[in-house]
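Novice: Please find the sequence and the predicted model below.
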Amino acid sequence: DARVTQTPRHKVTEMGQEVTMRCQPILGHNTVFWYRQTMMQGLELLAYFRNRAPLDDSGMPKDRFSAEMPDATLATLKIQPSEPRDSAVYFCASGSTRQGDQPQHFGDGTRLSIL
Amino acid sequence: KNEVEQSPQNLTAQEGEFITINCSYSVGISALHWLQQHPGGGIVSLFMLSSGKKKHGRLIATINIQEKHSSLHITASHPRDSAVYICAVSPHNTDKLIFGTGTRLQVFP
């Protein structure tokens, strides 16, 4: 079964450090999404890409977060500098606009703790 | 007011019971999704629907576009159905999802 792969699965670091999360979308998928899940806010969209172009990053704090797709097989989400309030589970999902009635596929998430 | 509202927030049931989770939304949508998340686990898409009804095993999802309402039903519930069920919508002309706050379901033997 094709899967969305996220690395690392867990990350613990001190505030102020740079954090990079990576996502390998399912081969052939042309949309990639970054979501954040917290107990207080639930799931929220941070950014999404279609055909590697950023379409919406309105949910992302621009001063410290950045999202990129250097190529079709890799999406990255960076936080610099990290803060304790960034502690959350970050999910990547991919989908295809070419396959009509198909849902997004989620990765297993990166559980981030900022001390 | 949230654009996607779910009820109930928490639900407990005895094994074998019929379960219904409701979702209401306030925006125009191209599709509605039901997702499942086990404790500490990843997110799995159960259904994506834009009209009518879909069935997969013991799970049934329905949507009424005019009333902006969807339901997820679980027949003959089982302890392994214990999870958080999340309703999400794709607004018109966008691929992104707007999520409800989820319904935590516990099914006891």
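Specialist: Looks like it arrived, so ask away.

Novice: where does A:Ser113 land in three-state SS?
Specialist: Using DSSP: H, G, I helix; E, B strand; the rest coil, the three-state assignment for A:Ser113 comes out as strand.

Novice: ok, and the closest non-adjacent residue to it?
Specialist: Using Cβ to Cβ, 6 or more residues apart in numbering or on different chains and skipping the chain neighbours, the partner closest in space to A:Ser113 is A:Val12 (4.6 Å). In this view, the C-beta of every residue, glycine as well, is placed from N, C-alpha and C.

Novice: Ramachandran angles for the one you found?
Specialist: Backbone geometry at A:Val12, expressed as degrees, to the nearest 10, gives phi -120, psi 130.

Novice: What pLDDT is listed against it?
Specialist: Among the per-residue scores, A:Val12 shows a pLDDT of 97.

Novice: isn't it right next to A:Pro84, touching?
Specialist: No - with the criterion set as Cβ atoms under 8 Å, A:Val12 and A:Pro84 do not qualify as a contacting pair; they are 11.6 Å apart.

Novice: Which neighbours do those two have in common?
Specialist: Where contact means Cβ atoms under 8 Å, 6 or more residues apart in numbering or on different chains, the residues bridging A:Val12 and A:Pro84 through contact with each are A:Leu115.

Novice: before we move on, back to that, show me what contacts the residue nearest to A:Ser113?
Specialist: For A:Val12, the contacting residues are A:Leu112, A:Ser113, A:Leu115, taking Cβ under 8 Å, 6+ apart as the criterion.

Novice: ditto for A:Gln104
Specialist: Residues in contact with A:Gln104, defined by Cβ under 8 Å, 6+ apart, are A:Thr31, A:Phe33, A:Ala93, A:Ser94, A:Gly95, B:His33, B:Ser45, B:Asp95, B:Leu97.

Novice: any idea how far B:Pro79 is from it?
Specialist: From A:Gln104 across to B:Pro79, the span is 28 Å (Cβ to Cβ, to the nearest Å).

Novice: same deal with A:Leu45?
Specialist: Distance of A:Leu45 to B:Pro79, given as Cβ to Cβ: 32 Å.

Novice: Tell me which of the two has more neighbours.
Specialist: A:Leu45 (21 against 12; other Cβ atoms under 10 Å in any protein chain shown).

Novice: Identify the bridge partners of that one.
Specialist: Each beta-bridge partner of A:Leu45 is listed here, defined by DSSP bridges: A:Tyr35.
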